[in-house]
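Novice: sequence unknown, structure follows:
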């Protein structure tokens, strides 16, 4: 496609399309199309441009965005595909006014940032629809663009409304590359790889996670592998990737690992919407989940599996879930073990003959793809890339067999033609980098395996470099990148917003200055240590070093504890997991804004803090320890679990508190080995720590005994059965202990003589009848019966003592996490 571009003296722009023989007139008033030449076009020679991306309006001005240069990256069925190389943004009004306004200049900067970083592709003369797969175009007869992947849809709205369809250029954000070769040196083969990124819920790695209420997921991409043979048969294999379809997030706080939060907001409806659309578009969905089954990522895996379990039976029949622990199966760089996933897929019904095939000569569909593999990891990047390339290789094996490119079934094509294998690996690695750059800001990890077929140490070092870069970008630069996404895609429209400029920093002055204070104190400290003025031990230098060190440590500690305040957050569209709270002085003077987690997205640490603060509410003035009565008998199965270790007994436990809640409560003292409820009474539970039993038990009793848990007074006491208490009686007054200085002769002969005298003494005395031995349960039952009279009174006192001062138990939908 080539268009001729003219600019008039009044700032109007005219574009001429030779193919459509139409003129497009664009100015600040609007857009129109005509078949006659405007005066400005008749007077000038104009310049050549590649395509029109569209128009966009900010607060003051409207702008025309043109593609000024492109490069051909391949073709599909003879139709050329181009990548945007350079662009130009033209103001359609008073340009000087736009430059003087700081807010308008910021919008322009964001637009330029997005256009410079985005990998945009379009079809020359719109000959091929990049937004739709081959199957949708050829088998399903789709004639309209798939708006999910129409990246410049917002910029094209004015052109579409004006009927300027000849000038609308649908672009995709993603990757496309095509290569023609001769397989085995004599059979022509065209191989192409195409990825199209969905614009709904698009954005950066940590600011777009999970799902929205419409069923759109973050980082959703459709990847299509296209093969054309020498006899004009074309094959397409389609895969998808997308974030775990529940409400979840990872909230940056300057630490390397963000705070993971699974929202308390129910996601069943949104998840169902997502899979209903996926099944309608692709047929059966095979969900390959690659997140870790333990540690940091476990809550995401659990939430995903719970969401799948809640699908309706009719939908669940078409959604097949498969879990593959990527890091466990492929540990120690055994990346070839990812092929184990193929066995799992085959067992549940997905085979490598599931692809689309079309005969170009006869214009007939010979095979359709009615199933799709949807792959995800945490980011849907690195692990997902490895798995998707492996699936592409697996399906290509079958395609080459059915076209007789491989004469012997089972022959590995990468061995038959190693040079073609290099192109295959290079394309998939480049595709991985393109998808990763769009989401994380850096190239993908583990691409050395995708590119070479094996994991290397140099690749691991490159991954380390990319990980460090990602940390920097995700914490300190991605807010601007997210704003650029939202501005270009129309999620934020400045001309509709009458508020103060969103680019004004409203944080308190101290927060804004703190990084500079840290930097300045560190610089002065380092300078004095390297180039001291006089003796480093002089009182002046010691005073300066001490002061700088104090400033550095104090402010750095504050920064670490308040990381949310220093992250580069987006400013245009609010995040669903973050809220901005305005702070005021006691006299009502505005201090600044403070960033906090949204109530629905409490992280693990803050869930514990909030839950414990609600569970434990102590009225110190009315505090008195309380006894409740179901006895002190410890069930035998719990005694067996303790194996002689001291335990704590909890009484009057609220019915809504489960073992996980109590574990999160007592873990603040020390790691907990187990918490078990008494099977005879659900209001009684037993706690056993992992170590330092006596000290930890004492701390727990001191901290939690008598406090209110969900509105009920909790009793925490040492749990020792009566049998254990009498097993080792204390020394009687008249008997001397060895520690007290027993001067008895302890030689073997003396001990034997002493025993003989004792036996003789016993034989002289008449033996009294020995009572029948009592079990531990008998002794505990006797103690319970003895105390039963006092227990009812004590329980009544406790119930009436200070319950009126307790806060009522609340249920905010918060969930304790692993």
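Specialist: Yes, it's here. Everything quoted here is computed from the prediction, not taken from an experiment.

Novice: mind listing what residue 17 touches?
Specialist: 3, 23-24, 166-167 (C-beta atoms under 8 Å, 6 or more residues apart in numbering). (Each C-beta comes from the backbone N, C-alpha and C, glycine too.)

Novice: Would you mind splitting the protein into its domains for me?
Specialist: What automatic domain parsing lists as the domains of the chain is 1-170, 175-410, 504-601, 604-726+776-805.

Novice: any chance of the contacts of residue 17 in a markdown table, plus distance to residue 295 and pLDDT?
Specialist: Compiled in a markdown table, the contacts of residue 17 are given as follows (distance: C-beta to C-beta, whole Å; pLDDT from 0 to 100):
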| residue | distance to residue 295 | pLDDT |
| --- | --- | --- |
| 3 | 55 | 94 |
| 23 | 62 | 94 |
| 24 | 56 | 95 |
| 166 | 55 | 94 |
| 167 | 53 | 96 |
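
Novice: Looking at these, spot the one nearest residue 46.
Specialist: Nearest to residue 46 among these: residue 3, at 9.1 Å, using C-beta to C-beta.

Novice: what about that closest one, how many residues close to it?
Specialist: 23 (other C-beta atoms under 10 Å).

Novice: thinking it is in contact with residue 47, fair?
Specialist: No: contact criterion C-beta atoms under 8 Å: residue 3 and residue 47 do not qualify, at 9.5 Å.

Novice: Any stretches of the stretch 601-750 of the chain with poor pLDDT?
Specialist: Scanning the stretch 601-750 of the chain for pLDDT under 70 picks out 604-632, 721-750.

Novice: switch the cut-off to 80
Specialist: In the predicted model of the stretch 601-750 of the chain, residues 602-633, 710-711, 720-750 satisfy pLDDT under 80.

Novice: where exactly do the helices run in it?
Specialist: Counting by DSSP state H, counting those that start in this stretch, the stretch 601-750 of the chain has these helices, from start to end: 604-615, 636-642, 659-666, 693-704, 722-727, 748-764.

Novice: any idea of the angle the fourth one forms with helix 659-666?
Specialist: Right, the one you point to is helix 693-704. 90 degrees (axes from the mean of the first three to the mean of the last three C-alpha atoms, to 10 degrees).

Novice: Residues contacting helix 693-704, please?
Specialist: 616, 645-648, 665-666, 669-670, 687, 689, 714, 716-718.

Novice: Show me which of these are buried.
Specialist: Those of the contacts of helix 693-704 that meet the buried threshold are 616, 647-648, 665-666, 669-670, 687, 689, 714, 716-717, by 16 or more other C-beta atoms under 10 Å.

Novice: Kindly indicate which of those lies nearest residue 80.
Specialist: Nearest to residue 80 among those: residue 665, at 65.3 Å, using C-beta to C-beta.

Novice: Residue 320: what secondary structure?
Specialist: With DSSP: H, G, I helix; E, B strand; the rest coil as the basis, residue 320 sits in strand.

Novice: ok, now residue 554?
Specialist: helix.

Novice: Quickly note the distance from it to residue 547.
Specialist: To residue 547, residue 554 is 11 Å away according to C-beta to C-beta, to the nearest Å.

Novice: Now the phi/psi pair for the nearest residue to residue 350 once chain neighbours are set aside, please.
Specialist: Of all residues not flanking residue 350 in the chain, residue 286 sits nearest, at 5.0 Å (C-beta to C-beta, 6 or more residues apart in numbering). Residue 286 adopts backbone torsions of phi -110, psi 110, taken as degrees, to the nearest 10.

Novice: Same question for residue 367.
Specialist: phi -160, psi 140.

Novice: Kindly report the same for residue 175.
Specialist: Here is the backbone geometry of residue 175 (degrees, to the nearest 10): phi -150, psi 140.

Novice: can you count the residues close to the nearest residue to it once chain neighbours are set aside?
Specialist: In this structure, residue 175 finds its nearest non-sequential neighbour in residue 434, 3.9 Å apart by C-beta to C-beta, 6+ apart. Counted with other C-beta under 10 Å, the neighbours of residue 434 add up to 21.

Novice: cool, residue 528 as well?
Specialist: Counted with other C-beta under 10 Å, residue 528 comes out at 17.

Novice: Quickly note the distance from it to residue 521.
Specialist: Counting by C-beta to C-beta, the gap from residue 528 to residue 521 is 11 Å.

Novice: Which neighbours do those two have in common?
Specialist: In contact with both residue 528 and residue 521: residue 548, using C-beta under 8 Å, 6+ apart.

Novice: mind listing what residue 328 touches?
Specialist: 292-293.

Novice: backbone phi and psi for it, please?
Specialist: phi -70, psi -50.

Novice: State the pLDDT value of it.
Specialist: According to the prediction, residue 328 has pLDDT 84.

Novice: try residue 295
Specialist: 92.

Novice: Return the distance of it relative to residue 522.
Specialist: Taking C-beta to C-beta, one finds residue 295 at 34 Å from residue 522.

Novice: Those two - which one has more neighbours?
Specialist: Comparing residue 295 with residue 522 by other C-beta under 10 Å, the one with more neighbours is residue 522, at 16 against 9.

Novice: Excluding sequence neighbours, find me the nearest residue to the more buried one.
Specialist: In space, and not counting its chain neighbours, residue 522 is closest to residue 552: 5.4 Å by C-beta to C-beta, 6+ apart.

Novice: Contact partners for that neighbour?
Specialist: 518, 521-522, 525.
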